[in-house]
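A.B. asks: Kindly return the folded structure for what I paste below:
(2 chains)
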Amino acid sequence: MRRIARIIAVTTGLALVATGCLGQSEDEPEDTQRGADATEVTLTIAANAVSGGKNAEEADWIENYVIPEFVAQQEADGVDVTVEFQSSGVDDEDYKSKIALDLRTGSGADIVSLDGIWVGEFAEAGYVLPLTEVVGDTVDEWDGWEQIPDAVQANMSFNDERYGVPAGSDGRVLFYNKELFAQAGLPEDWQPTSWEEILDAGRALQGIEGVTPIQLNAGTAMGEATTMQGVLPLLVGTGQRIYDEDAGTWQGNTQNIRDVLGLYQSVYGEGLGDPTLQQEAQGRDKSFAEFAAGTVGILMEGDYFWRSVIEPTAGVAPMPNRDEVVGFTKLPAMEPGSGIDGQDFVSMSGGGGRVLNPATEFPQQAWELLTFMNSAEATTELVGDGARLTQRQDVNDELLANDPMLSFIADEVVPLSAYRPGLAVYPQISVALQQATLDVVTGMTPEEAAASYQDAVEAALGSADDIASD
Amino acid sequence: MAQQTALPPAEQPTAPAPSRTSATDVAGLGRGRAAAFVAPAMLLVAVFLVFPALWTLYIGVTNYRLTGVQARTPEIVGVDNYVDALGDPTFHNALFLTLVFVLFSAVLGQNLLGFALARSLATLRPVMRRVVESLVLLAWIIPSSIVAFLWLALLDRDAGTLNALLQTPGLAWLIDYPLVSIIVFNIWRGTAFSMLLYSAALASVPPSQLETARLVGASRWQTLRDVVFPHIRGHVLTNTLLISLWTFNDFTPFLITAGGPNDRTEILPVYIYNTAISGGQMGYGAAVSLIMLVINLIIALFYIRLLRERR
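C.D. replies: Numbering: from 1, shown residues only, chains lettered A, B, ... in the order given. Alright, predicted model coming up:
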């Protein structure tokens, strides 16, 4: 038995030594010019996009345009570049885990796509570094920055430092079905100025058989869609952001949160929305399908909905008569003037971008490829015949004139928009908000739901110090 | 962790070795060479079993997260994660749901249905028997993701097959009866194993004893209890142990309900996934994983004791 005990002791000892590796050691800053003179260079691009599947247009763009063009360009300069594309087509959370593990172990692609809300937690973990630390001061000299609005740059920034180049933006609005509005005697050119007017329109739509008047995303099954296309746009309409950067506090059990949950109670308690749908695992997809089938009156979504969901031919829930039937309008604050900064109308924006892997062997060439991907030509090429809000003002000015929806977003919505805080704890707050809406949808009062939301936020932050409540 | 039983047995140090002094063991290899033979196996066990287990143990006492500050500089928090888990109502909920899920879908459902199938199949014509067996087996061997899709189509609220059959349009099975749904699903999914095992077990019951029982006028129930069951007792316990452990650790319900609605199907494996991977709380997730491992061992010990009792 002594031998066994010895073996166990040795193994335990080895394991404990190895476990000392958990966490990142503070590295010395590396030479930003490493590999700059190499004549044979290999670069890899990773994105949650795959040809024929998720974000197919981006995948095709990388494979058919970015790679051949960049390789040809470099060849002219006498550099033999090989660019590889690492595609994925999975849920965002799974992609995030994969990327986090890649970056953590010092492996992974040289250019990596990230959602803007992950930048903070990745930066805090040391997985990504400010661009100037990876590449050097040449980053600030790139002329592309002038074309990217500050608010959009903020998507890929953390603590006022740029960690990546943003890849476009979006905004949230109310979509409504004009045919149903006509049936209910509502104006075709609709612009509500308060939450009450949205509810009134919903009540008018309630009379039509087989129609769900309002789809307001709720519950944990919809994940971030509940937060981003539900709670947060409403919350900024009460005059508060979820995280107050000046005070350094999160919204806890405040009147603002209770007001938002109160609207959920009105929608789902009065039968204006479908509470069961909010709990279904595929609820969001179903809400898309129902809207496309003309059985949902009003729905809050981002412009993604317009260009990728109900898009007449290539959408996931195509609506052949989209342009005639679907109206869009700005989301009003709770009352006129009650929004953040005294706004009458509000919205939330998000967006992702691309960062450089700090462990790249060729920081200079990787930066060159990244700026190439964000050049006006490449961006125009990516948009193609479609319509999306790009990061570049010059490209938007040229292309968005073709699409009424997207120029509406760019000109009227984005200037009103607020952004999510890029802090590591945000995903946990987001889940707490989703749970609070679910509680209300399943019958709790806004007061009770807000109280248990407060508990969840305290648990996430570890104390009640940085929570606003009243 | 059933693999642990596969550990190579420790050497018997007292085995006599009459001829050569160097060989003190039965195989006559000598300690050095014997150790060399065992080493590769031990190394594999150490690398793939012992090390990950210790690693989990270690992560479980830290506040390590996938991202954020705690990913860069995790701190030792001692038993906080365990205290938090044991005091967390969502963990209690997950544990309770798991026990209900295992009891109804495995211990009762798969066991009884598997046995009933095995017994009734024995009396069927061979052609029919093979058809039924194939159908049951099919449920077992189709990949989980495909099965999950089929069940979503079956139980869908608007266009589901079940609602069409029962004439109950608009009934949301996965929302109104989520736990019952995944219990029925798991019975359907896993009964094949019990059926196969019991088919083999029933073949070991001597026909002469069954015949005798019939001659003395024993009822079906009496035959089952006094003739059949004593012969297959070991099989019943082994089967129950295996399907309990499998069901306890089963992740497939996640593909159907993702733990929802409102955590009403959040069994432990799903709970760990949701907290550790989606929520990024690696330290907490590791602690819960270890608690789960301990519960697995308790279940296993419980059955092994039962199995040994009358031997």
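A.B. asks: What separates the first and last residues of stretch A:371-388, distance-wise?
C.D. replies: By Cα to Cα, to the nearest Å, the extent of stretch A:371-388 from end to end equals 19 Å.
A.B. asks: Tell me which residue in the stretch 251-400 of chain A sits closest to chain B.
C.D. replies: Going by Cβ to the nearest Cβ, chain B is nearest to residue A:279 of the stretch 251-400 of chain A, at 3.5 Å. In this view, the C-beta of every residue, glycine as well, is placed from N, C-alpha and C.
A.B. asks: how much space between that residue and residue A:356?
C.D. replies: According to Cβ to Cβ, to the nearest Å, residue A:279 and residue A:356 sit 41 Å apart.
A.B. asks: now do residue B:284
C.D. replies: 32 Å.
A.B. asks: which bits of the stretch 301-450 of chain A sit near chain B?
C.D. replies: Contact residues, the stretch 301-450 of chain A versus chain B (Cβ under 8 Å from any Cβ of the partner chain): A:424-425, A:427-428, A:431, A:438, A:442.
A.B. asks: rerun at 7 Å
C.D. replies: A:424, A:427-428, A:438, A:442 (Cβ under 7 Å from any Cβ of the partner chain).
A.B. asks: show me the residues around the residue of the stretch 1-150 of chain B found nearest chain A that make contact.
C.D. replies: Distances between the stretch 1-150 of chain B and chain A by Cβ to the nearest Cβ are smallest at residue B:68, namely 3.0 Å. By Cβ atoms under 7 Å, 6 or more residues apart in numbering or on different chains, residue B:68 lies in contact with A:121, A:124-125, A:424.
A.B. asks: Any idea how many residues pack against the closest residue to it other than its chain neighbours?
C.D. replies: Spatial nearest neighbour of residue B:68, excluding adjacent residues (Cβ to Cβ, 6 or more residues apart in numbering or on different chains): residue A:424 at 3.0 Å. Applying other Cβ atoms under 10 Å in any protein chain shown, we find 23 residues neighbouring residue A:424.
A.B. asks: same thing with residue A:409?
C.D. replies: Around residue A:409 there are 30 other residues, counting by other Cβ under 10 Å.
A.B. asks: Could I get the contacting residues of it?
C.D. replies: Contact analysis of residue A:409 by Cβ under 7 Å, 6+ apart lists A:171, A:303, A:389.
A.B. asks: Find the least confident helix or strand in chain A, judged by mean pLDDT.
C.D. replies: helix A:2-19 (a mean of 54; mean pLDDT, DSSP states H and E).
A.B. asks: residues in chain B within reach of chain A, list them.
C.D. replies: B:10, B:46, B:50-51, B:54-55, B:58-59, B:62, B:64, B:66-69, B:71-74, B:157, B:172, B:174-175, B:257-258, B:260-262, B:277-280.
A.B. asks: re earlier: out of the contacts of residue A:409, grab the one that's most surrounded.
C.D. replies: residue A:389 leads the contacts of residue A:409 on contacts (other Cβ under 10 Å) with 29 neighbours.
A.B. asks: phi, psi of that residue?
C.D. replies: In terms of degrees, to the nearest 10, the main-chain angles of residue A:389 are phi -80, psi 110.
A.B. asks: from what I can see it touches residue A:166, true?
C.D. replies: No - using Cβ atoms under 7 Å as the test, residue A:389 is too far from residue A:166 to be in contact (10.8 Å).
A.B. asks: thinking again about what came up before, any chance of TSV for the contacts of residue B:68, columns secondary structure?
C.D. replies: Putting these into TSV (DSSP: H, G, I helix; E, B strand; the rest coil) gives the following:
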residue	secondary structure
A:121	helix
A:124	helix
A:125	helix
A:424	coil
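A.B. asks: Which two among those are spaced furthest apart?
C.D. replies: A:125 and A:424 (7.5 Å; Cβ to Cβ).
A.B. asks: Spit out the residues that contact these two alike.
C.D. replies: Counting by Cβ under 7 Å, 6+ apart, the residues touching both residue A:125 and residue A:424 are B:67-68.
A.B. asks: about what we covered before: is it possible to get CSV of the contacts of residue A:409 that adds distance to residue A:286 and pLDDT?
C.D. replies: Formatted as CSV, the contacts of residue A:409 follow (distance: Cβ to Cβ, whole Å; pLDDT from 0 to 100):
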residue, distance to residue A:286, pLDDT
A:171, 24, 91
A:303, 21, 87
A:389, 26, 85
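A.B. asks: check contacts around residue B:202.
C.D. replies: Residue B:202 touches B:118-119, B:122, B:232, counting by Cβ under 7 Å, 6+ apart.
A.B. asks: ok, so of those residues, who is nearest residue A:202?
C.D. replies: residue B:118 (56.7 Å).
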